[in-house]
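Colleague: test case, fold it:
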Amino acid sequence: MDAPIYADICVAIAEGLDRSSETGRRVLDWPGEPTRDALPLRLIGGLHALVLAGADAELAQVFAGQVSAAAFNRVLARNDAALLPWLDGPPQTNEPGRSGALIVGLLEVARRCGPKLEILEIGSSGGLNLLIDRYRFDLGGVAFGPADSPVTIAPVWLGEPPAVPPLEIVSTRGCDVQPLDVTDPAVEARLSAYVWAETPMRLERLQKAIGMIRAQGVRLDRADAADWMEARLAEPQSEGVTRVLMHSVVWQYIPDDRTARIRAAMEAAGARATFERPLAWVAMEPDRALGEQVVSIRTWPGPEAREVVATAHAHAAWVRPGDTRATEGIALDAAAQVVL
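Modeller: Below you'll find the model as predicted:
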């Protein structure tokens, strides 16, 4: 994914990590499934935090491309106390660039169901993608969204410029089991550490998006995703407004019993949906076979099968509209779990 330094660090971990540090021992003895638990991202996030804080000169050289297993093990041994807490929980990144892929799904929903959308996002983290109505977009040279927005989302567009239908996002609301207050400087520093060192433009965009929330917040609830969706779907829906479940790179982190409840709740609500009060589901989730993200949608009333409308880079650095190679996107509607 165009991150050669991080790739080299991961190789150094895989081939040369030893037990000279408590961090090394904990990684090598990891009790879970490391990929599903995002163990490399947990560890590298902690390392990048040290780099951003200027805490270790040798580590700064590693992140500048001078990667060796010996240097890596020395760094871990010196920084155990700072690094161990980063292993305690999954990375809770919040990448505003993903709005550049999600918007492709929302445009298709607007095309099918009408221009007015009510967005309900699960796994919102700090809520930066709840700003999707406030971002400016440039998709293959086609621009839309507020012209005065501090943030323009402009992925490399690998296809024909899109035809943009009328679109009005009337509201956005999200939930997370551990929502982040991005206005807290400590939280901003943590999110910054999860931004890959090779992509300084992502860090700049993150900071501008956080500034937007400082200026005007978002509606973000602390809640279990299944409980929250069941409650939202039970609420009255305005005529002429499509209710949309939206999420990105979160499905794999939700326990299987909760994803089953969300699917069941969406199917039940979909059975009640009408052309006056439609329902939609827009997701950006990883396809393990492709190694890319799949943007897929489902609408009620509408086709019974989930449809792929694009594939994308994990941070939506590029978007390929109309790519139907993906297979895992349909797993959201089945018993299978999507795994990064």
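Colleague: OK, contacts around G100?
Modeller: Shown in contact with G100 (Cβ atoms under 8 Å, 6 or more residues apart in numbering): 137, 139, 153-155, 312, 316, 319. For the C-beta atoms, the positions are set from N, CA and C on the backbone; glycine is no exception.
Colleague: which of the residues you listed scores worst on pLDDT?
Modeller: Lowest-confidence member of the contacts of G100: A316, scoring 91 (pLDDT).
Colleague: ok, back up a step: list just the nearest of the contacts of G100 to E304.
Modeller: A312 (24.6 Å; Cβ to Cβ).
Colleague: now that closest one, which residues is it bridged with?
Modeller: Q293, V319 (DSSP bridges).
Colleague: pull the contacting residues for it.
Modeller: Per Cβ under 8 Å, 6+ apart, neighbours of A312: 98, 100-101, 155, 284, 292-295, 318-320.
Colleague: so how far is C175 from V151?
Modeller: Applying Cβ to Cβ, to the nearest Å, the value for V151 to C175 is 23 Å.
Colleague: could you do W318 as well?
Modeller: 29 Å.
Colleague: higher neighbour count, those two?
Modeller: Taking other Cβ atoms under 10 Å, W318 and C175 do not tie; C175 has more neighbours (23 against 16).
Colleague: for the more buried one, phi and psi?
Modeller: phi -140, psi 160 (degrees, to the nearest 10).
Colleague: what of the one 5 residues further on?
Modeller: The phi/psi pair for L180 (degrees, to the nearest 10) reads phi -100, psi 140.
Colleague: begin at 56 from now on, thanks
Modeller: Yep, numbering from 56; the last one is L235 now.
Colleague: tell me how many other residues surround it.
Modeller: L235 has 20 nearby residues by other Cβ under 10 Å.
Colleague: setting aside sequence neighbours, what's the nearest residue to it?
Modeller: Nearest residue to L235, sequence neighbours excluded (Cβ to Cβ, 6 or more residues apart in numbering): G181, at 3.8 Å.
Colleague: ditto for A323
Modeller: L288 (7.7 Å).
Colleague: does the residue nearest to L235 belong to a helix or a strand, and which?
Modeller: For G181, there is no host helix or strand (DSSP states H and E).
Colleague: and it, what does it touch?
Modeller: With Cβ under 8 Å, 6+ apart, G181 has these contacts: 147, 149, 234-237, 242, 246, 265, 268, 275.
Colleague: distance from stretch 213-223 to the middle of the chain?
Modeller: Averaged C-alpha coordinates place stretch 213-223 at 22 Å from its chain's average position (Cα atoms, centre = their mean, to the nearest Å).
Colleague: what distance separates the start and the end of it?
Modeller: Stretch 213-223 has an end-to-end distance of 25 Å (criterion: Cα to Cα, to the nearest Å).
Colleague: can you give the contact residues for that stretch?
Modeller: Taking Cβ under 8 Å, 6+ apart as the rule, stretch 213-223 contacts 159, 161-162, 165-166, 170-172, 194-197, 199, 373-377.
Colleague: show me where the stretch 256-395 of the chain has strands.
Modeller: In the stretch 256-395 of the chain, the segments counted as strands under DSSP state E, counting those that start in this stretch are 275-277, 297-303, 334-342, 347-355, 362-367, 373-376.
Colleague: the fourth one to strand 334-342, inter-axis angle?
Modeller: Right, the one you point to is strand 347-355. Inter-element angle recorded for strand 347-355 and strand 334-342: 160 degrees (by axes from the mean of the first three to the mean of the last three Cα atoms, to 10 degrees).
Colleague: try the fifth one
Modeller: Orientation of strand 362-367 against strand 334-342 (the same axes, to 10 degrees) gives an angle of 40 degrees.
Colleague: list the buried residues of stretch 200-220.
Modeller: Buried residues in stretch 200-220, defined by neighbour count with 16 or more other Cβ atoms under 10 Å: 200, 204-208, 210, 212-213, 217, 219.
Colleague: one more: stretch 248-257?
Modeller: Applying a neighbour-count criterion of 16+ other Cβ under 10 Å, the buried positions in stretch 248-257 are 248-254, 257.
Colleague: so how far is the first residue of it from its last?
Modeller: Stretch 248-257 end-to-end distance (Cα to Cα) = 11 Å.
Colleague: much appreciated, bye for now.
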